[in-house]
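Participant: Requesting a structural model of the entry that follows:
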Amino acid sequence: MYCTPFESGKMMMQTIYILGGYQTDFARNWARENKHISAMMREAYEGSLAVTRIEPTDIQAAFVGNFAAELYCMQGHLGAFFTDFDPRFKGLPTMRFEGACASSALAALSAMAHLQAGQYDCIAVAGVELMKTASPAQGGDYLGTAAWYERESAHIEFPFPKLFGKLGDVYDARYGLDDAHLARIAAINYGNAKRNPNAQTRDWYMSVEHARCKGQYNSTVTGRIKVTDCSQVTDGAVCLYLASERFACQYAERVGCSLDQLVRISGWGHTTAPIEFAAKVADSEGQPYVLPWTRKAITDAYARAGLRDWRQLDVIETHDCFTTSEYMAIDHFGLTEPGQSYKAIEEGLIDFDGALPINPSGGLIGCGHPVGATGARQLLDAYKQVTGAAGDYQVPGARTVATLNIGGSATTNVCFIVSR
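Facilitator: Below is the predicted model of the structure:
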């Protein structure tokens, strides 16, 4: 079983399988529990063994995605903590990957490459972030290092809401943008999160009317960005397993299924845009898509998976760090013509019971956004959807899911197509 050859690579790629994994409860405050970041990683790892029937002896390497543990909790070298999880892990090859909010997606991409090269057959991919150690202002400054700090973040309060507010402003200037559509995105994601037992906001109140209002209960952060337009500050970890076809065949026998019943990564795209937001906007002048490098990551993933367009998808898990980033994703995935994302919102296309639900998990706004764990969480939710294991937020009949994980102001863009 092989992926469709991709024109820039001209290679037949070995199929890579996802064997499941585990997510911590994103509503927990691990800093308040006075627990080290390694405790989150350990819980995700131990939980993943229980739900996947992977054995410690199966794991040949561990790749960890994390953005800023050195800032949030004065801890680096996170891969080394895996050696504490089982005595047999002493000597285990580990690596740590950083790409802002796309850190664990990059860990997954690297794991795929190592598996396809035949270096390993089963790799643990973990994503982790401990964020509630910092005040909102200090945490905003830490997150600002994912942009060009001196130019875009230094001495600026909450730089990323400002940057993604500018994304909305670019749309407004080119195509027009009604903030009521952003409020609808927020309400959908909060509503979806109520179905997800691991979502940070599962018990929070939200409505379209609340998301549209401004004032005491929904203060303005900057410009058009209100509190309800923002993703959450979250502590969380995810651990999942990627495997070669050789190991997947053995695993299928172990769990009593055929290889075709296992979940595979059928396509991927990865691009890097200039780090400065103004440079991205300059790149897009005269082009239909506001973020052309994000668009390319998506179309590359479609091509590798042999998909014609979004109509062959059943679900999208996208990077809604702000409502404006999801608004962007709608037309960049091709659901509408450029600048017409509002049509998909008005028509109910992206609703939980719509033709193509977006973020049934609740996304970053509803489920939570532990920065280094988000890419892995999206892959795990894609796995759950295509195996029918998503519980109350299961989209009936889901067989093909796209994920989009972006780091910085859409600087690092990673798109996966997950199918069964």
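
Participant: Tell me the confidence at the residue most central in space within the chain?
Facilitator: In the chain, the C-alpha nearest the mean C-alpha coordinate belongs to residue 375, at 3.3 Å (CA atoms, centre = their mean). In this model, residue 375 is scored at 98, pLDDT.

Participant: for it, what are its contacts?
Facilitator: 65, 101-108, 127, 403, 405, 414 (CB atoms under 8 Å, 6 or more residues apart in numbering). From N, CA and C alone the C-beta is placed, and that goes for glycine too.

Participant: how does it look with 6 Å?
Facilitator: 102, 104-105, 405 (CB atoms under 6 Å, 6 or more residues apart in numbering).

Participant: By neighbours, which of those wins?
Facilitator: Highest neighbour count within the contacts of residue 375, by other CB atoms under 10 Å: residue 104, with 37 neighbours.

Participant: just checking, that one is part of a strand?
Facilitator: No: read with DSSP: H, G, I helix; E, B strand; the rest coil, residue 104 is helix and lies in no strand.

Participant: if I read this right, it contacts residue 376, doesn't it?
Facilitator: Yes: taking contacts as CB atoms under 6 Å, residue 104 lies within contact range of residue 376: 3.9 Å.

Participant: if I look at those two, which residues touch both of them?
Facilitator: By CB under 6 Å, 6+ apart, the residues touching both residue 104 and residue 376 are residue 127.

Participant: circling back to that earlier point, how about the contacts of residue 375 in TSV, adding distance to residue 356 and pLDDT?
Facilitator: Shown next, in TSV, are these (distance: CB to CB, whole Å; pLDDT from 0 to 100):
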residue	distance to residue 356	pLDDT
102	23	98
104	24	98
105	21	98
405	18	98
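
Participant: ok, so of the residues you listed, who is nearest residue 69?
Facilitator: Comparing those against residue 69 with CB to CB places residue 104 closest, at 12.8 Å.

Participant: Mind pulling the model confidence for the residue of the chain positioned farthest from its centre?
Facilitator: Residue farthest from the centre of the chain, counting by CA atoms, centre = their mean, is residue 87 at 31.3 Å. On the pLDDT scale, residue 87 is placed at 96.

Participant: again with residue 176
Facilitator: 97.

Participant: Would you mind measuring from the residue nearest to it when sequence neighbours are not counted to residue 330?
Facilitator: Spatial nearest neighbour of residue 176, excluding adjacent residues (CB to CB, 6 or more residues apart in numbering): residue 339 at 7.6 Å. Remark: distance between residue 339 and residue 330 (CB to CB, to the nearest Å) = 10 Å.

Participant: which one of the two has more residues nearby?
Facilitator: The residue with more neighbours, out of residue 339 and residue 330, is residue 330; 25 against 16, by other CB under 10 Å.

Participant: Okay, and that one sits in which element?
Facilitator: helix 323-332 (DSSP states H and E).

Participant: So which other helices or strands are in contact with that helix?
Facilitator: Judged by 3 or more CB pairs under 6 Å, 6 or more residues apart in numbering; DSSP states H and E, helix 323-332 is in contact with helix 159-174, helix 179-193, helix 292-305, helix 341-346.

Participant: neighbouring contacts of it?
Facilitator: For helix 323-332, contacts defined as CB under 6 Å, 6+ apart pick out 164, 167-168, 182, 185-186, 229, 289, 294-295, 298, 318-320, 338, 341, 344, 404.

Participant: Kindly format the C-alpha coordinates of it as CSV.
Facilitator: Below are the C-alpha coordinates for helix 323-332, written out as CSV (Å, rounded to 0.1, in the frame of the first residue of the first chain):
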residue,chain,number,x,y,z
THR,A,323,-11.4,33.2,14.8
THR,A,324,-9.6,35.0,12.0
SER,A,325,-7.2,32.1,11.5
GLU,A,326,-10.2,29.7,11.1
TYR,A,327,-11.9,32.2,8.8
MET,A,328,-8.7,32.1,6.7
ALA,A,329,-8.6,28.3,6.7
ILE,A,330,-12.1,28.0,5.3
ASP,A,331,-11.2,29.5,1.9
HIS,A,332,-7.6,28.2,2.0
